[in-house]
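Undergrad: below are the sequence and a predicted model for it; my questions follow.
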Amino acid sequence: MTLAKRLSAIVRAILGRDAKAVPELHESELRFRQVTDHIHEVFFLCAPDMTAMYYVSPAYEEVWGKSCQSLYDDPKSFADSIHEEDRGPTFKKIAPLGAFIPSDVEYRIVRPDGTVRWIRARTFAVHNEVGIVYRFAGIAEDITASKCAAAKVQQQSLALEDSNRRLSLLGELTSMLQSVVHVEEAAAIVAGYLARAKMGSGGSLYLFRESRNSLDLLASWGEMKLAERVLPDECWALRRGQQMRTPSDQPELRCKHVRHVDGESEHLCLPMMAEGGALGLLHVVFTDEAAEAREEDALFALRLSEQLGLALANIRLREQLRLEAMQDPLTGLFNRRFLEASLKREFSRGEREKNCVAVAMLDLDHFKQYNDVHGHDAGDAVLSEFGKLLMQNCRAVDLPCRFGGEEFLVVLPGATRGSVAAWAERILERVRGLRVVDEGVALPALTISIGVAFFPEHGRETVDVIHAADEALYAAKAAGRDRCVLSARIPGVADCPEQEPYDRAA
């Protein structure tokens with residue numbers, strides 16, 4: 001039998017006074033006093049309208065912080081201690097005259113010393129012989145400890161849930177970054193995951209430029225506006241090579257790149273290390289977070305910076321390897337390997353869209369003699385400048401490639417004879433005006449010869465079209481160089497359909 005039921009039975013025995021049972025009544029009252037005077041719970045007995053308090057156990061003084069006599073003097077004074085936010089709901093459950101009795105309600109009280117305690121009060125009605133309620137009896141216990149324990153367990157459960165969620169996000173992010181090709185492509189992905197991770201009040205992710213003289217903003221989250229660019233000497237973490245956490249009460253230790261942020265805030269800067277050096281910077285700002293939340297965020301930020309550093313380093317390495325596999329390092333143009341892989345694809349697209357594809361072979365005139373006279377360094381300088389010129393005069397859909405040595409090849413999808421002739425004439429003219437300076441010495445002007453063939457007019461296989469363009473190039477050289485020769489039309493083979501004039505901006 002629970003304590004509440006035992007007390008109820010004793011109360012009913014006491015209140016159900018029978019003149020024939022005076023000895024039993026006296027013994028029941030004695031047992032009642034022995035029980036209620038020594039329990040930690042508050043037991044009370046009052047009139048239904050709460051105008052009179054018949055009994056309140058001594059525990060009231062310890063729990064409420066008020067004397068029992070004050071409750072005898074004013075039975076309703078216990079309600080003055082109920083927290084103002086809990087009074088309305090509590091009074092609805094503890095209605096007079098037993099309308100909602102029995103009741104079981106939890107509420108907070110504010111003691112005279114200002115401390116707050118949680119109370120669980122269970123009240124039941126006592127009826128007379130004819131069933132009329134003429135007493136209220138109840139027990140109120142201090143459940144502050146259990147409430148705090150439950151709140152702590154819930155907080156730990158939420159923290160664990162949040163930690164698992166973040167670890168899951170980190171796993172997803174790492175998996176996604178393994179499929180990313182460019183660092184720029186990673187920016188949008190990283191920004192989305194950082195926003196979902198909800199670290200601090202906001203923050204940003206910076207990445208070193210190739211020159212290593214500054215870091216550019218790659219991604220950010222939160223509403224605060226942070227620096228778009230960071231110089232390496234503006235961040236203590238980058239200068240020291242380790243994380244730097246600046247408390248809100250030490251603004252003088254803030255990094256220069258965050259000194260413009262208004263208000264009291266704590267800052268965490270984490271250098272993203274990879275390959276023996278810093279690859280970037282993860283910056284987190286804390287404003288309203290609790291101390292425990294900040295520690296959790298800081299720990300996750302550290303783990304995130306380590307993973308991001310490795311992932312972004314891998315992306316850059318893959319990007320570099322991809323560029324090396326398809327790009328000529330001297331001229332910046334596509335290399336022959338990339339050309340061979342792409343030309344067949346362009347031919348297939350041209351056939352599908354019923355467009356012709358022009359293949360232009362270009363060769364710098366007398367370049368071997370140029371190298372012998374001026375040296376290979378001067379020759380490399382000329383090749384580099386010519387590569388830039390060629391790139392500047394090609395459309396985004398064109399494929400300018402270094403075919404080998406001083407030979408270049410440009411694939412021009414959707415070009416007609418007339419448009420290619422106009423493009424080649426522009427290239428010839430601009431090469432004539434090209435001036436190259438090597439180690440302060442102006443090198444002599446150059447000329448170039450160009451031969452052009454067309455798919456499908458001069459063949460459906462790449463080797464056939466390239467061979468036709470090479471023959472046209474030799475014809476241009478035989479005719480005196482510094483000119484363009486288009487492969488002759490083949491009798492009985494349909495010419496390329498007319499297209500819009502070639503436009504570099506296309």
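TA: Sure thing, it's come through.
Undergrad: for whichever helix in the chain runs longest, buried residues please.
TA: Longest helix in the chain, counting residues (DSSP state H): helix 291-326. The neighbour-count check on helix 291-326 (16 or more other CB atoms under 10 Å) flags 294, 296-298, 300-301, 304-305, 308-313, 315-316, 319, 326 as buried. For every residue, glycine as well, the C-beta is placed using N, CA and C.
Undergrad: and the strands in the stretch 401-506 of the chain?
TA: 407-413, 437-438, 441-442, 448-455, 484-486 (DSSP state E, counting those that start in this stretch).
Undergrad: counting by contacts, list what the second one packs against.
TA: Under the contact criterion of 3 or more CB pairs under 8 Å, 6 or more residues apart in numbering; DSSP states H and E, strand 437-438 touches helix 376-392.
Undergrad: ok so, going back, buried ones in the helix or strand that comes right after the longest helix of the chain?
TA: Using DSSP states H and E, the helix or strand that follows helix 291-326 in sequence is helix 336-353. The neighbour-count check on helix 336-353 (16+ other CB under 10 Å) flags 338-339, 342-343, 346-347, 350 as buried.
Undergrad: turn the residues you listed into a markdown table, columns for pLDDT and distance to Arg402.
TA: Output for these, formatted as a markdown table (pLDDT from 0 to 100; distance: CB to CB, whole Å):
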| residue | pLDDT | distance to Arg402 |
| --- | --- | --- |
| Phe338 | 85 | 10 |
| Leu339 | 87 | 9 |
| Ser342 | 87 | 14 |
| Leu343 | 89 | 14 |
| Glu346 | 91 | 17 |
| Phe347 | 91 | 20 |
| Gly350 | 89 | 23 |
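Undergrad: and stretch 367-385, end to end?
TA: In stretch 367-385, first residue to last residue: 14 Å (CA to CA, to the nearest Å).
Undergrad: what does that stretch contact?
TA: With CB atoms under 8 Å, 6 or more residues apart in numbering as the test, stretch 367-385 has contacts from 330-332, 364, 402, 405-406, 434, 436-439, 441, 443-444, 446.
Undergrad: how far away is Gly309 from Thr174?
TA: Distance from Gly309 to Thr174, counting by CB to CB, to the nearest Å: 11 Å.
Undergrad: wait, I meant Ala219
TA: Applying CB to CB to Ala219 and Thr174 gives a distance of 15 Å.
Undergrad: more neighbours: which of those two?
TA: Using other CB atoms under 10 Å as the criterion, Ala219 and Thr174 rank with Ala219 on top: 21 against 15.
Undergrad: what helix or strand is the more buried one on?
TA: Using DSSP H and E, the element containing Ala219 is strand 215-222.
Undergrad: quick one: strands adjacent to that strand?
TA: Using DSSP bridges, strand 215-222 pairs in its sheet with strand 202-208 (antiparallel), strand 229-230 (antiparallel).
Undergrad: can I get it in PDB, CA atoms only?
TA: Backbone C-alpha positions of strand 215-222 (Å, rounded to 0.1, in the frame of the first residue of the first chain) are rendered in PDB as follows:
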ATOM      1  CA  LEU A 215      42.700  33.200 -48.400                       C
ATOM      2  CA  ASP A 216      39.400  33.600 -50.200                       C
ATOM      3  CA  LEU A 217      35.900  32.900 -48.700                       C
ATOM      4  CA  LEU A 218      34.800  29.500 -49.900                       C
ATOM      5  CA  ALA A 219      31.600  29.100 -47.800                       C
ATOM      6  CA  SER A 220      29.800  30.700 -44.900                       C
ATOM      7  CA  TRP A 221      26.700  30.100 -42.600                       C
ATOM      8  CA  GLY A 222      24.700  32.200 -40.200                       C
END
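Undergrad: list the buried residues of it.
TA: For strand 215-222, by 16+ other CB under 10 Å, it's 215, 217-222.
Undergrad: out of these, who's nearest Ala47?
TA: Taking CB to CB as the measure, Ala47 sits nearest to Gly222 out of those, at 59.1 Å.
Undergrad: check contacts around that closest one.
TA: 195, 200-203, 285.
Undergrad: and of the strands of the stretch 401-506 of the chain, who's closest to Pro102?
TA: Ranked by CB to CB, the member of the strands of the stretch 401-506 of the chain that lies closest to Pro102 is strand 407-413, at 86.6 Å.
Undergrad: which residues sit against the closest one?
TA: 333, 339, 342-343, 346, 349-350, 355, 357-363, 386, 390, 394-395, 397-403, 420, 423, 466, 469, 502.
Undergrad: and the residue nearest in space to the middle of the chain, what does it touch?
TA: Centrality entry for the chain: nearest residue to the mean C-alpha point is Leu194, 1.5 Å, by CA atoms, centre = their mean. When contacts are counted by CB under 8 Å, 6+ apart, Leu194 touches 203, 205, 219-221.
Undergrad: please report how far it lies from Gln369.
TA: Counting by CB to CB, the gap from Leu194 to Gln369 is 58 Å.
Undergrad: again with Phe78
TA: Separation of Phe78 from Gln369 (CB to CB) stands at 110 Å.
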